[in-house]
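# sequence first, predicted coordinates after that:
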Amino acid sequence: MKSIGILNLRHVAIILGLFVLGANRPCIAKQPNVVLVIADDQSWFDAGCYGSQVVKTPNIDKLAREGMRFDRAFTATAMCAPTRQQLYTGLFPVRNGAFPNHSKVKPGTKSLVHYFQEAGYSVGLCGKKHFGPAESFPFETVPNKQLNEFVKQKSPFFLVYASNSPHLPWTDGDPSAYNPKTFVLPPHLHDNRETRAALRNYYAEITDFDRELGELDQLVESAGKESDTIFIYTSEQGAQFPFGKWTCYEVGLHVGLVIRWPEGIKAGSTSSAMVQYVDILPTLLDLCGINKPKGLDGNSFVEVVQGKTDDHNQYVFGVHTTRGIILGTESYPVRSVRSERYKLIKNLNHELEFQNVLTAGDGSSYWSSWVRDAAHDANAAKLVGRYLKRPAIEFYDLDRDPFELNNLADNPTYRREIRKMDGVLKSWMKQQGDLGHETEMTVKPHRTMQ
């Protein structure tokens, strides 16, 4: 897998006959439709448009050629329920209440469903839910067989298509399309037969997800709605491999994000702006000419979409809580902050060993093979040790070390930068009402969504 890191970035330019009145709001004659397609546990770099030389994603790649690819987009939590609920509400996980996995937002919390329904949109969901309570996410349920009817309706629509792929058990798709002997593995993965076999099944399921996206895109085009539909693909979070899902490492929090809108986004454009999932809701409200509610955590990046700037957030943040995950450590809160170059991670109860369903055995067999190989392979031993036992503070130079393999926390050269970013993280946690370990202990051990 070559060219996995951030690709060459260039400033975007948008040719519009639509633009801006007053406070960065586009002047639109007709409210556009919105289609939001969400993968389930796909690492951001596992797509052709993000540099993968292996994974076959022709439809995602086509979307990127026709729209804007974001090279630095992030979720604040690499777990399904917190990720989706921050995306839908524009509120970070601790503040909205859904910071453990299998959790729900606080009663009374509003989501994109309310804002777009109030503006006259039909708001539907096809696929995975993983949110609650129902009053906060009153989507119209759209079965697969009714997708064509939904996109053909006359009123403007907002459709969330939430796939179950490529989430484990990686049984969909055609593994024979991939030869594991040809894979070039990223350095955060131990290279052995079991890992390559797992990747083969995972890649096949990504390609099957890509098929789903392509079929939905074709429905929109066949309905004559392509030009006035904002079509979005995002990867949700890192895959269920070590240092991905259930962590605050880049592989977990960095997401793929592509937005196409023929009437408002230049085809083939890219952006290096740092954007977060909480920013997507206010951005879509701006693009659709809908007034934004007060109190959202996210900030609209409409000027990035318009090509007026390639800057947005100075910092992006991460939260991980083990008490809401299956077979997780009793309490292992992790918090992180990332600037354009550096990443600070704080493991607030680092004396314990980090564990989750992956280390306990998730059916994929590769983790047990890593542990087996660690007895005689120095690199396997290093990776297993880093995943299970972590220091209080981790600090990385992402320009030089994009896979966070070299912890610089004890290097005096970075002492000032560490103090500065620690202050930024503490301020953000205070604003969110996040007390770290104390907040984590308010959560009951793993519970099943109702």
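Noted; the coordinates are in hand. Here the structure is a predicted model, which means the values were calculated and not measured.
# Ile60 contacts Trp44, doesn't it?
No. Counting by Cβ atoms under 8 Å, Ile60 stays clear of Trp44, with 11.1 Å between them. Quick note: C-beta positions are derived from backbone N, CA and C, even for glycine.
# and for the two, which residues touch both?
Counting by Cβ atoms under 8 Å, 6 or more residues apart in numbering, the common neighbours of Ile60 and Trp44 are Gly256.
# so which elements touch the longest helix along the chain?
The single longest helix within the chain, with elements called by DSSP state H, is helix 193-222. With contacts taken as 3 or more Cβ pairs under 8 Å, 6 or more residues apart in numbering; DSSP states H and E, helix 193-222 sits against strand 33-38, helix 58-66, helix 147-152, strand 157-162, strand 229-234, helix 366-374.
# of all the ones you listed, which one comes closest to Gly173?
helix 58-66 (13.5 Å; Cβ to Cβ).
# run the angle between the next helix or strand after the closest one and helix 58-66 for me.
Once the chain leaves helix 58-66, the next helix or strand it forms, by DSSP states H and E, is strand 68-74. Relative orientation of strand 68-74 versus helix 58-66 (axes from the mean of the first three to the mean of the last three Cα atoms, to 10 degrees): 110 degrees.
# got the CA coordinates for strand 68-74 in CSV?
Only the C-alpha atoms of strand 68-74 are listed here, as CSV (Å, rounded to 0.1, in the frame of the first residue of the first chain):
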residue,chain,number,x,y,z
MET,A,68,-13.7,18.1,-3.4
ARG,A,69,-11.5,15.7,-1.5
PHE,A,70,-10.6,16.7,2.0
ASP,A,71,-7.2,15.5,3.1
ARG,A,72,-7.5,16.4,6.7
ALA,A,73,-10.9,15.6,8.0
PHE,A,74,-11.4,14.1,11.5
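# and it, how far out from the chain's middle?
Here the centre of strand 68-74 is set off from its chain's centre by 10 Å, with Cα atoms, centre = their mean, to the nearest Å.
# what angle sits between that strand and strand 229-234?
Strand 68-74 and strand 229-234 meet at an angle of 40 degrees, taking the same axes, to 10 degrees as the criterion.
# can you list the strands that strand 68-74 pairs with?
strand 254-260 (antiparallel), strand 269-271 (parallel), strand 275-276 (parallel) (DSSP bridges).
# mean confidence for the longest one?
I take that to be strand 254-260. Mean pLDDT, computed over strand 254-260, is 98.
# could you do stretch 64-83 as well?
On average, stretch 64-83 scores 97.
# which positions within that stretch qualify as buried?
64, 66-83 (16 or more other Cβ atoms under 10 Å).
# all the helices of the stretch 251-400 of the chain, residue numbers only.
For the stretch 251-400 of the chain, the helices defined by DSSP state H, counting those that start in this stretch cover 277-287, 302-305, 357-361, 366-374, 378-388.
# to Asp191, which of those helices lies closest?
The nearest among these, by Cβ to Cβ, is helix 378-388 at 8.2 Å.
# before we move on, the earlier item: got the helices and strands packed on helix 193-222 as a markdown table, with distance to Leu168 columns?
Shown next, in a markdown table, are the helices and strands packed on helix 193-222 (distance: least, Cβ to Cβ, whole Å):
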| stretch | distance to Leu168 |
| --- | --- |
| strand 33-38 | 16 |
| helix 58-66 | 20 |
| helix 147-152 | 25 |
| strand 157-162 | 16 |
| strand 229-234 | 19 |
| helix 366-374 | 11 |
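# who wins for proximity to Phe131 among the ones you listed?
strand 157-162 (9.7 Å).
# hmm, back to that, tell me which of the helices and strands packed on helix 193-222 lies nearest to Thr283.
That would be strand 229-234 among those, by Cβ to Cβ, at 9.6 Å.
# quick one: average confidence on the closest one?
On average, strand 229-234 scores 98.
# and the contacts of that strand?
With Cβ under 8 Å, 6+ apart, strand 229-234 has contacts from 32-39, 60, 63, 67, 73, 87, 213, 217, 220, 255-261, 264, 277, 280, 284, 287-288.
# if we use 6 Å, what do you get?
32-38, 60, 63, 220, 255, 257-261 (Cβ atoms under 6 Å, 6 or more residues apart in numbering).
# swap in stretch 307-325?
11-14, 74, 76-77, 93, 99-103, 248, 253, 271-276, 301, 303-304, 328-329, 331-334, 336-339, 356, 424, 428, 440, 443, 445.
# what of stretch 405-419?
Here stretch 405-419 has contacts from 342, 393-395, using Cβ under 6 Å, 6+ apart.
# and what of stretch 185-199?
1, 4, 180, 183, 243, 364-366, 369-370, 373, 380, 383, 403.
# just the buried residues of those residues.
Buried among the contacts of stretch 185-199 by 16+ other Cβ under 10 Å: 1, 4, 180, 183, 243, 364, 366, 369-370, 373, 380, 383, 403.
# CSV for those, including pLDDT and distance to Asp310?
Output for the buried ones among the contacts of stretch 185-199, formatted as CSV (pLDDT from 0 to 100; distance: Cβ to Cβ, whole Å):
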residue, pLDDT, distance to Asp310
Met1, 33, 27
Ile4, 34, 22
Pro180, 97, 38
Phe183, 96, 33
Phe243, 96, 28
Ser364, 70, 39
Tyr366, 90, 38
Ser369, 95, 42
Trp370, 96, 39
Asp373, 97, 43
Ala380, 97, 40
Leu383, 97, 35
Phe403, 97, 24
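# appreciated, that's everything.
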